[in-house]
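[1] only geometry, no sequence info:
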């Protein structure tokens, strides 16, 4: 596994941009397998890990497993900081959509 840090940008009004579960920044890279392990909206960054034998198309802020773990263990789960259980149970995502069948005439 390889690890990288990505930035979570802000809107013009200073609020963090909205993003979907699993979003790993504007890297310009599509990985085969990627898992976000931290979103830190308070400080504007996240950490993801990936399993990909290819090389990145542009430089990433890569981390070792030890650095990634040290960053996460130095944080506490609180509003705006999501990892582990709080990441899997995060409620602030956009509301779920509901499928409604339309009657075709």
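    Nice, I can see it. Remember, it's a predicted structure, so these values are computed and weren't measured experimentally.

[2] where does the chain have low pLDDT?
    Low-confidence segments of the chain, defined by pLDDT under 70: 29-32, 52-59, 93-100.

[3] for this structure, what's the longest helix?
    For the chain, the helix with the greatest residue count under DSSP state H is helix 65-73.

[4] Now do it: distance to the chain's middle.
    Remark: helix 65-73 is offset 15 Å from the chain centroid, using CA atoms, centre = their mean, to the nearest Å.

[5] Give me the next element, helix or strand, following it.
    Going down the chain from helix 65-73, the next helix or strand is strand 81-83, by DSSP states H and E.

[6] other SSEs contacting that next one?
    strand 34-40 (3 or more CB pairs under 8 Å, 6 or more residues apart in numbering; DSSP states H and E). C-betas here are computed from N, CA, C, even on glycine.

[7] For the strand it packs on, buried residues please.
    By neighbour count on 16 or more other CB atoms under 10 Å, the buried set for strand 34-40 is 34, 36-40.

[8] from these, which is closest to residue 6?
    The closest of the buried residues of strand 34-40 to residue 6 turns out to be residue 36 (CB to CB; 8.7 Å).
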